[in-house]
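1. quick one, structure for this:
(chains A and B)
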Amino acid sequence: MKRKIFIFLSVFTLCFNFLFCGSCSAEDDYFVIGVDVNVPPMGFLGENGEVVGLDIDLANEVCKVMGKKLKIQPIDWDAKELELNTNKIDAIWNGMSYTPERDKNMSLTSAYMQNRQVLVVKKDANISNLDDLKQKNICGQKGSTGMMSLKNSDVGKNAKTITELDSMIDCLNEVKLGKSEATVVDEVVVRYYFTKNSLQNDFKILDEEIETEDYVIAVKKGNLELKDKIEQALKEVVENGRAGEIAKKWVGSNVITFSKAQGKESSSDNKNVNVFYELFQGLLVTLKLFSVCWIASIPLGLMLCFLRRIRFKLVKILIDFYIWVMRGTPLLLQIFFLFYGLPLMFPSLQINDRFFVGVIAFILNYAAYFAEIFRGGIKNVDKGQFESIKVLKIPKSKAIFRIIIPQMLRVCLPSICNESVALVKDTALIFSVGVIELLTTAKNIVNTSADILPYIIAAAIYLLICSLINLIFKVLENKLKFE
Amino acid sequence: MNIINAINIKKKFGNNIIFNNLNFEVKKGEVVTVVGPSGKGKSTLLRCLIGLENIDDGTIEIDGKTLVKDGIYVSSKKQSEILSEVGMVFQNYNLFPNLTVRQNLEIVKNDSDKINVLLKRFGLYDRQNAYPANISGGQKQRLAIIRAMMLNPKIIFFDEPTSALDKANRGEIVKLINELNAEKYTIVIVTHDKQFVDCLDSTIYDMT
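-> Alright, predicted model coming up:
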């Protein structure tokens, strides 16, 4: 026996080593940077699927100087502070602008380049500075940094019209076609785009900017040693000319310099959040989703369960198919399908109320589970009950509601309770269509504050709700004993 | 005049023939006991006569009306009408466990006066708000009998009425059946309890 335990333990330790050696031994050799892969030309997915970009090339050079290997780790941008604080990555290096808020939560290097919000006009246009744009039509990308700074600037206030379009390319086309005289764009991005598509001769970039952002690299708060090391290495790369070459390759000019970073407080980053208030708001969404879904899916499940017992075979086949699909595919997939898939297949089904679509997906999914539970419940009702109903000629609806359902419920109650508790926790999945509920709220707060408390509060709230449901069902079970 | 007339009826489950060319008749106001070893289809006969099973061939007439002729049934609406002449007390009573004694009757017919009279007569008035799980075996049987009487049938079937009762209650059910018979109810009893049959003044139909 002892021998067996020994063998078991050895095998266990061996497996354990295998699992974790990959990540722990590499720590010293690698320099891991976290990137959001959607920021061309700084860091984005290249044609072969690997991450490429100006920042990546620069980071590679810096690693060479520091004597390390570069490892690129795509991350959830919202969780960047958490990634640093838990040592999952060494640095954030991804066209990240300086903000005082970020300076507070992480240790930031000096700015290694400037990104300006600039105005692009046609090459032959009779416009050379910002004053020339008075009473002109200006366009920009909807929701972009450039658009926001344009609206806040004198240029924007003096413009004749401001048009918001879906993409930078649309904006450039608009200018090319003369519908707008100028468009506000991200300098680094537009330079990359011009270089890549050889458009330098069609457009010109005005010298004056409406806003400047400083790009910085972030490390874990307080890790000044690493910060200094990166700055030192970066300085060397700038001085030996490699930085200039990289910048030329990506954006057509040498934009890399060194300066003290500065920036404005961005309005969205610097909200003074009240943790409890935010969590309460999230909780309301969770509760709303839970109750609507619960109240709708149980009767729907009951209906399905009874419908599949009627004489028409086709109805039974259709319902069984529906239940089969709903129980056999992930709820997350069903939510995606309803929100993104259906409008693609049938454009008329485009519904933009995210909560509504989420609720529908939940109801459809849970109704299938409830129908299955009730099917088991009906099977458990004694055959003699149906015979009594028949012999006594009790009308169908009366028999179902007064005799069958109450007896079914008694059998099903534990399963319904289980499913309800599962529903409480599943509500978190609605984040996938952009509805912010309790868990997502907690996650967002943790991400920015790097404080684990909101998770603990959220866990306590979930526990409380689930315990309450368990309690209610216990009471119901006693009520339905019929003794 | 026969209140039940079953002529040449045949019943099979799959390939298993339960009975064939069976003739069964009950005169109005009579008590008939159907006896015989188990597996010969005593209960099945009762179930066919009350419409819980369909026969495969033959003719059944109840109170002069044809339920099925040469294996062909009348419309389900007509069946229901004809079968309302027959009540049934199941072997394990099949009471509705989620309803109280009184509710078990109300769900069949909401006739408060009739329910009160019957509950009092069968000694269940004090227990009217109890659930079936909380009343005795004899009380359950009496409730099942009252429930069968709610639709004013002319005939009452009993399937193995003594199987779940002890000796004392057996005397009681004999008394009850005699009382019901005295009120012009026709009664058909399926049983394999010889002593019980001996206590009754009945026409015996042996299915061996």
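
2. do you know how far the most centrally placed residue in chain A is from A:Ile75?
-> Most central in chain A under CA atoms, centre = their mean is A:Ser432, positioned 6.9 Å from the mean C-alpha point. With the distance defined as CB to CB, to the nearest Å, A:Ser432 ends up 18 Å from A:Ile75. All C-beta atoms are positioned from the backbone trio N, CA, C, and that covers glycine.

3. next one: A:Leu392
-> Counting by CB to CB, the gap from A:Leu392 to A:Ile75 is 68 Å.

4. and B:Gly14, how far is that from B:Ile72?
-> From B:Gly14 across to B:Ile72, the span is 21 Å (CB to CB).

5. which one of those two is surrounded by more residues?
-> The neighbour comparison of B:Gly14 against B:Ile72 (other CB atoms under 10 Å in any protein chain shown) goes to B:Ile72, with 9 against 5.

6. list the buried residues in stretch A:250-261.
-> For stretch A:250-261, burial by neighbour count (16 or more other CB atoms under 10 Å in any protein chain shown) applies to A:Trp250, A:Val251, A:Val255, A:Ile256, A:Phe258, A:Ala261.

7. again but with stretch B:49-58, I slipped
-> For stretch B:49-58, the neighbour count (16+ other CB under 10 Å) marks B:Leu49, B:Ile50, B:Gly51, B:Leu52, B:Glu53, B:Ile55, B:Gly58 as buried.

8. now do stretch A:384-394
-> A:Gln385, A:Phe386, A:Glu387, A:Ser388, A:Ile389, A:Lys390, A:Val391, A:Leu392, A:Ile394.

9. out of those residues, who's near chain B?
-> A:Gln385, A:Glu387, A:Ser388, A:Lys390, A:Val391, A:Leu392, A:Ile394 (CB under 8 Å from any CB of the partner chain).

10. wait, B:Ile7 touches B:Asn23, no?
-> Yes: under the criterion of CB atoms under 8 Å, B:Ile7 makes contact with B:Asn23 at 5.8 Å.

11. ok, the closest residue in space to A:Ala233 that isn't next to it in sequence - contacts?
-> Nearest non-adjacent residue to A:Ala233, counting by CB to CB, 6 or more residues apart in numbering or on different chains: A:Val65, 3.9 Å away. When the contact criterion is CB atoms under 8 Å, 6 or more residues apart in numbering or on different chains, the partners of A:Val65 are A:Gln232, A:Ala233, A:Glu236, A:Val237.

12. other SSEs contacting the helix or strand encompassing the second one?
-> This points to A:Ala233. According to DSSP states H and E, A:Ala233 maps onto helix A:224-239. Where contact means 3 or more CB pairs under 8 Å, 6 or more residues apart in numbering or on different chains; DSSP states H and E, helix A:224-239 is packed against helix A:54-66, strand A:107-108, strand A:211-219, helix A:242-251, strand A:256-259.

13. give me the buried positions along the lengthiest helix in chain A.
-> The longest helix of chain A (DSSP state H) is helix A:275-307. Residues of helix A:275-307 classed as buried by neighbour count (16+ other CB under 10 Å): A:275, A:278-279, A:282-283, A:285-287, A:289-290, A:292-294, A:296-298, A:300-302, A:304-306.

14. as JSON lines, the ones next to chain B among the buried residues of stretch A:384-394 with distance to B:Pro132 and pLDDT would be great.
-> Converted to JSON lines, these look like this (distance: CB to CB, whole Å; pLDDT from 0 to 100):
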{"residue": "A:Gln385", "distance to B:Pro132": "12", "pLDDT": "96"}
{"residue": "A:Glu387", "distance to B:Pro132": "16", "pLDDT": "95"}
{"residue": "A:Ser388", "distance to B:Pro132": "12", "pLDDT": "95"}
{"residue": "A:Lys390", "distance to B:Pro132": "19", "pLDDT": "93"}
{"residue": "A:Val391", "distance to B:Pro132": "17", "pLDDT": "93"}
{"residue": "A:Leu392", "distance to B:Pro132": "15", "pLDDT": "94"}
{"residue": "A:Ile394", "distance to B:Pro132": "16", "pLDDT": "93"}
